[in-house]
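Q: Structure of the sequence below:
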Amino acid sequence: MEALTTISTKYQIMIPREVRKQFNLKPGQKVLFIPYKNSIRLVIVPSIKEARGIFKGMNIDNFREEVDEER
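A: Below you'll find the predicted structure:
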């Protein structure tokens, strides 16, 4: 789904209704803008409650070095 919006004079954007509905966006919800090449990625930041268990089952072998480096 493509949606066009305009940046206001205060550098604000309005998220179109169809997009808000599709992603169940609510006022006060956090989003993250990530520059990528010649575009901007908008990522929805999950709440702590929603993020719980997000890494369940992830393979953590070789995740850390055997000995932590000295700081």
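Q: which regions of the chain sit below the pLDDT cut-off?
A: Under the criterion pLDDT under 70, the flagged ranges of the chain are 51, 63-71.
Q: which residue is nearest the middle of it?
A: Nearest to the mean C-alpha position of the chain, by CA atoms, centre = their mean, lies V43 at 2.6 Å.
Q: Nearest residue to that residue in space, please, no chain neighbours.
A: Spatial nearest neighbour of V43, excluding adjacent residues (CB to CB, 6 or more residues apart in numbering): L32 at 4.5 Å. All C-beta spots, glycine's among them, are computed from the backbone N, C-alpha and C.
Q: cool, and I40?
A: Here the nearest residue to I40 in space, its sequence neighbours aside, is F33; by CB to CB, 6+ apart that works out to 5.4 Å.
Q: Shouldn't that neighbour be within a strand?
A: Yes: assessed by DSSP: H, G, I helix; E, B strand; the rest coil, F33 belongs to a strand.
Q: From D61, how far out is it?
A: In this view, F33 and D61 are 34 Å apart by CB to CB, to the nearest Å.
Q: now G53
A: Plainly put, G53 is 20 Å away from D61 if you go by CB to CB.
Q: Could you do I48 as well?
A: Going from I48 to D61 by CB to CB gives 26 Å.
Q: now swap in Q12 and tell me
A: Taking CB to CB, one finds Q12 at 45 Å from D61.
Q: Which of these two has more residues huddled nearby?
A: Set side by side, Q12 and D61 show more neighbours around Q12, with 9 against 5, by other CB atoms under 10 Å.
Q: Next, that one: secondary structure please.
A: Applying three-state DSSP to Q12 yields a three-state assignment of coil.
Q: again, but for R41
A: Assigned with three-state DSSP, R41 falls in the strand class.
Q: give the contact list for it.
A: By CB atoms under 8 Å, 6 or more residues apart in numbering, the contact set of R41 is F33, I34, P35.
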